[in-house]
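S.K.: predicted model follows, preceded by the sequence.
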Amino acid sequence: MPQIGMNIKKNITSTYWAIMGSLAVLVVWEFAARTFSSALILPGPLPVARELFRLTSGPRFLPALSGSFFRVLFSLFFALPLSLLIGIPAGLNQRFNAFLRPVFSMISATPVLSIILIALLWFGQNQVPVFAAFLMVFPVMTSNTIAGVRSSDPGLLEMTRVYGFSRLDTLRHLYLPSLAPYLLAGARSSLALAWKVVVAAEVLSQPTNALGTGMQNAKAQLETTELFAWTVVTVTFAGICDLGLALIHKRKKNVGIA
Amino acid sequence: MSVSLESITFSYTRDDLFRDFTIHFDEGSVAVLLGPSGCGKTTLLHFLAGLRIPMKGKISSPVFDTDTVENAAPIPGDPKAFSRRTSCVFQEPRLFPWRTVSENVRIPLHNLYSVSEAKDRVGYFLALVGLEGKGHAYPAELSGGQRQRASLARAFAFPSSLVLMDEPFQSLDLPLRIQLMDVTLDLLKAEPRTVIAVTHDPREAIYLGDRVVVLGGKPVNIVLDRPVDLSRADRSYSSSASASLEALLFFALVN
């Protein structure tokens, strides 16, 4: 019991300091905005908040947000099964792993913008962000899958062999549960990455409903305040998505699964 | 089925661990292997479980029946046949941490029994090892002794003809060790199996075994091979009736 009490106290303290940190950012921002005193270079927090309110109650906001959100989701939905399909054999087989390594090093060394520009030549406006995010996220998910497979207990593996488990049973009862926490951690970092890449690709590919399109338009019209407002929206929703996954992660841990 | 190794040769390094080694185990009896660490006891269990294949020789065990090593392959035919199966109690419980106790006992059975049969069987064996009411607990919620009870229940619920035990009570204190050996004897009374157990402890060997075999040397050979014909009462830790056999085992182990 004292342990739990301590934890709650610890949580309250760290929440307190997190709030203080956020306030500090706002104060520095306000101070810098006053120093520049130009809405074109750096609008202050209050004008941005006002613009944010105008933006979110406008007709372009919800379609843009859901457009970007679905692009993020699509990229993850393609990446997840494919990374299992590639990552599990690669985790089990050293040769296959070595065979794949150059491909993944190449993908992760390629600048995001090159991928986006090349994708612009191949795909339509709506698909470019999905493809670029998929390509960035896929190596992350796959390497987490490989690490998860490798983390499985060799003692348990020996047990499954003595008790005559089929390959499918071993996959289901040993490998998949062993890699689940790795996959969840991979999904968290992938989600954050996918938001950044999707919005960057939208800025260049200009799909009709997209946060990135809103940013690009605001920038083109020198509406710096609006650009800031779109950025705040992106950061907020990426944060909410991360929080959602973090809660799932925490719950699984409490049940003793992860 | 009776189990045997004939003229086995095997090595991990350049020195042979086994050279022309032969041993035979009778059906339905408990043989306990004693010997210093690294003498090849666990490797011998691996041969019988089919986890490792010797370089030369012939094995008759539930999973292997080889004339020569060249055709050392699992016995063809129905993999579900009773005589094909081996179960094992390891030094650690080796339970799936993400599954409850009853799921851990049931999972190896799922191809062999109908759902309701498997459920009954799991319940029966959990009761025999004294874990009734713990079926829904996760392994992390059990004590070390309880986890090893679950591992014993899994080994006996699995319909195998051979049960291998690799120092299963090693990490438990003396009272728990005696409790678990009693559980093992109860299980054997309910479901007789051929058991081959490995231990470091001569007292444990006398308490559990119908026969004790001391292994030693490199390449390994049989130093001592004795039947244990003592009554249950004479085998108990507080009895001195087993003292002469114990002394014999100690002498064989140390020399």
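M.R.: Yep, it's here.
S.K.: for chain B, just list every one of the helices.
M.R.: B:41-49, B:101-106, B:115-128, B:144-157, B:174-190, B:202-208, B:232-235, B:243-254 (DSSP state H).
S.K.: if I look at the residue nearest the centre of chain A, how far off is B:Y237?
M.R.: Closest to where the C-alpha atoms of chain A average out (C-alpha atoms, centre = their mean) is A:L191, at 1.6 Å. Distance check for A:L191 against B:Y237: by C-beta to C-beta, to the nearest Å, it reads 59 Å. Any C-beta I mention is one placed from the backbone N, CA and C, and that applies to glycine too.
S.K.: swap in B:F47?
M.R.: 32 Å.
S.K.: the two - which one has more neighbours?
M.R.: Neighbour count, other C-beta atoms under 10 Å in any protein chain shown: between B:F47 and B:Y237, B:F47 has more, with 23 against 14.
S.K.: for the more buried one, what are its contacts?
M.R.: B:L5, B:I8, B:F10, B:I53, B:P54, B:I59, B:S61, B:F64 (C-beta atoms under 8 Å, 6 or more residues apart in numbering or on different chains).
S.K.: farthest pair in these?
M.R.: The span of the contacts of B:F47, defined through C-beta to C-beta, is set by B:F10 and B:S61 at 14.6 Å.
S.K.: show me where the chain dips below the pLDDT cut-off.
M.R.: All of this refers to chain A. A:1-6, A:252-258 (pLDDT under 70).
S.K.: wrong chain, I was asking about chain B
M.R.: B:1, B:63-84, B:255.
S.K.: what does it have sitting close to chain A?
M.R.: Remark: the part of chain B in contact with chain A comprises B:49-51, B:79, B:84-88, B:90, B:92, B:94, B:96-99, B:107-108, B:110-111, B:138, B:140, B:154, B:158, B:164, using C-beta under 8 Å from any C-beta of the partner chain.
S.K.: filter those down to the buried ones, PyMOL style.
M.R.: Buried subset of the residues of chain B next to chain A, written as a PyMOL selection, criterion 16 or more other C-beta atoms under 10 Å in any protein chain shown:
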select buried, chain B and resi 49+50+51+84+85+86+87+88+90+92+94+96+98+99+107+108+138+154+158+164
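S.K.: on contacts alone, who are the packing partners of the lengthiest helix in chain A?
M.R.: Ranked by residue count under DSSP H, the longest helix found in chain A is helix A:2-36. Helix A:2-36 sits against helix A:45-56, with contacts defined as 3 or more C-beta pairs under 8 Å, 6 or more residues apart in numbering or on different chains; DSSP states H and E.
S.K.: any idea which helix or strand comes after the helix it packs on?
M.R.: Helices and strands here follow DSSP states H and E; after helix A:45-56, the next one along the chain is helix A:61-92.
S.K.: any idea how far that next one is from the middle of the chain?
M.R.: 10 Å (C-alpha atoms, centre = their mean, to the nearest Å).
S.K.: phi and psi next, for the residue lying closest to A:V198 once chain neighbours are set aside.
M.R.: In this structure, A:V198 finds its nearest non-sequential neighbour in A:P129, 4.3 Å apart by C-beta to C-beta, 6 or more residues apart in numbering or on different chains. Main-chain torsions, A:P129, degrees, to the nearest 10: phi -60, psi -40.
S.K.: ok, now A:N126?
M.R.: phi -80, psi -30.
S.K.: give the contact list for it.
M.R.: A:R71, A:S205, A:P207 are the contacts of A:N126 under C-beta under 8 Å, 6+ apart.
S.K.: quick one: which of these is nearest A:V233?
M.R.: If you rank those by distance to A:V233 using C-beta to C-beta, A:R71 comes first, at 14.7 Å.
S.K.: what is the distance between stretch B:234-248 and the centre of its chain?
M.R.: 23 Å.
S.K.: what's the first-to-last distance across it?
M.R.: 16 Å (C-alpha to C-alpha, to the nearest Å).
S.K.: can you pull the contacts of the spatially closest residue to A:I86 that is not a sequence neighbour?
M.R.: Take A:I86 and drop its neighbours on the chain: the residue closest to it by C-beta to C-beta, 6+ apart is A:T142, 5.5 Å away. Counting by C-beta under 8 Å, 6+ apart, A:T142 makes contact with A:L82, A:S83, A:I86, A:G87, A:A90, A:L100, A:F104.
S.K.: ok, 6 Å please
M.R.: Contacts for A:T142 (C-beta atoms under 6 Å, 6 or more residues apart in numbering or on different chains) come out as A:S83, A:I86, A:G87.
S.K.: let's verify it: helix, strand, or coil?
M.R.: helix (DSSP: H, G, I helix; E, B strand; the rest coil).
S.K.: tell me how far it lies from A:F104.
M.R.: Distance from A:T142 to A:F104, by C-beta to C-beta: 7 Å.
S.K.: output the contacting helices and strands for the helix or strand A:L183 falls within.
M.R.: A:L183 is part of helix A:176-205, with elements assigned from DSSP H and E. Packing partners of helix A:176-205 (3 or more C-beta pairs under 6 Å, 6 or more residues apart in numbering or on different chains; DSSP states H and E): helix A:61-92, helix A:112-122, helix A:127-150, helix A:211-220, helix A:224-255.
S.K.: how far out from the middle of the chain is it?
M.R.: Relative to its chain's centre, helix A:176-205 lies at 4 Å (C-alpha atoms, centre = their mean).
S.K.: ok, stretch A:137-150 next?
M.R.: That offset, for stretch A:137-150, works out to 15 Å (C-alpha atoms, centre = their mean).
S.K.: buried residues in it?
M.R.: Going by 16+ other C-beta under 10 Å, stretch A:137-150 has these buried residues: A:137-149.
S.K.: setting aside sequence neighbours, what's the nearest residue to the residue of the stretch 151-255 of chain B found nearest chain A?
M.R.: When distances are taken as C-beta to the nearest C-beta, the stretch 151-255 of chain B reaches nearest to chain A at B:F158, 6.1 Å away. Of all residues not flanking B:F158 in the chain, B:S87 sits nearest, at 4.3 Å (C-beta to C-beta, 6+ apart).
S.K.: and the one you found, bridged to which residues?
M.R.: Per DSSP bridges, the residues bridged to B:S87 are B:V163.
S.K.: so it touches B:S160, yeah?
M.R.: Yes. The pair B:S87 / B:S160 is scored as a contact, 4.2 Å apart, by C-beta atoms under 6 Å.
S.K.: list residues touching both of the two?
M.R.: Common neighbours of B:S87 and B:S160, using C-beta under 6 Å, 6+ apart, do not exist here.
S.K.: chain center to stretch A:12-24: distance?
M.R.: 24 Å.
S.K.: typo on my end, it should be stretch B:105-113
M.R.: 20 Å.
S.K.: how about whichever residue of the stretch 101-250 of chain B sits closest to chain A, what does it touch?
M.R.: Nearest residue of the stretch 101-250 of chain B to chain A (C-beta to the nearest C-beta) works out as B:P108 at 4.1 Å. Counting by C-beta under 6 Å, 6+ apart, B:P108 makes contact with A:Y163, B:F158.
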